[in-house]
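Q: Sharing a model that was predicted from the sequence below.
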Amino acid sequence: MLKLYVIASDLRASLLSDKRGVVSFEYVIVAACIVAAVGVAFGTGTGGAIATALSGAIAKIALALSPA
């Protein structure tokens with residue numbers, strides 16, 4: 001167990017002192033935020049925000065184009 005702690009501690013120290021490790025970790029965080037934003041925008045089903053906005057816009061266009 002102590003051996004694993006020493007390995008993890010050395011890895012942590014090398015990542016903290018290495019700028020490339022920090023930058024790659026930041027890319028992972030940004031990618032996770034983008035995935036979350038796309039998931040929220042499109043939703044998990046048919047009732048996402050974009051789907052609702054598009055169906056509302058199409059309904060308005062169809063109403064405007066229908067003969068009065």
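A: Perfect, I can see it now.

Q: Output the contacting helices and strands for the helix or strand hosting T52.
A: For T52, the host element (DSSP states H and E) is helix 49-65. Contacts defined by 3 or more C-beta pairs under 8 Å, 6 or more residues apart in numbering; DSSP states H and E place helix 49-65 against helix 19-42. To be clear about C-beta, it is placed using only N, CA and C from the backbone, and glycine gets the same treatment.

Q: Let me know the average pLDDT across the helix holding T52.
A: Averaging pLDDT along helix 49-65 gives 85.

Q: gap between it and the chain center?
A: Relative to its chain's centre, helix 49-65 lies at 26 Å (C-alpha atoms, centre = their mean, to the nearest Å).

Q: CA-only coordinates of it, as PDB, when you get a sec.
A: Below are the C-alpha coordinates for helix 49-65, written out as PDB (Å, rounded to 0.1, in the frame of the first residue of the first chain):
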ATOM      1  CA  ALA A  49     -34.400  23.100 -25.900                       C
ATOM      2  CA  ILE A  50     -33.300  23.100 -29.600                       C
ATOM      3  CA  ALA A  51     -36.100  20.700 -30.600                       C
ATOM      4  CA  THR A  52     -38.700  22.800 -28.800                       C
ATOM      5  CA  ALA A  53     -37.400  26.000 -30.400                       C
ATOM      6  CA  LEU A  54     -37.300  24.500 -33.900                       C
ATOM      7  CA  SER A  55     -40.800  23.000 -33.600                       C
ATOM      8  CA  GLY A  56     -42.100  26.400 -32.400                       C
ATOM      9  CA  ALA A  57     -40.500  28.300 -35.300                       C
ATOM     10  CA  ILE A  58     -41.800  25.800 -37.800                       C
ATOM     11  CA  ALA A  59     -45.300  26.100 -36.400                       C
ATOM     12  CA  LYS A  60     -45.100  29.900 -36.700                       C
ATOM     13  CA  ILE A  61     -44.000  29.700 -40.300                       C
ATOM     14  CA  ALA A  62     -46.700  27.200 -41.200                       C
ATOM     15  CA  LEU A  63     -49.300  29.500 -39.500                       C
ATOM     16  CA  ALA A  64     -48.000  32.500 -41.500                       C
ATOM     17  CA  LEU A  65     -48.100  30.600 -44.800                       C
END
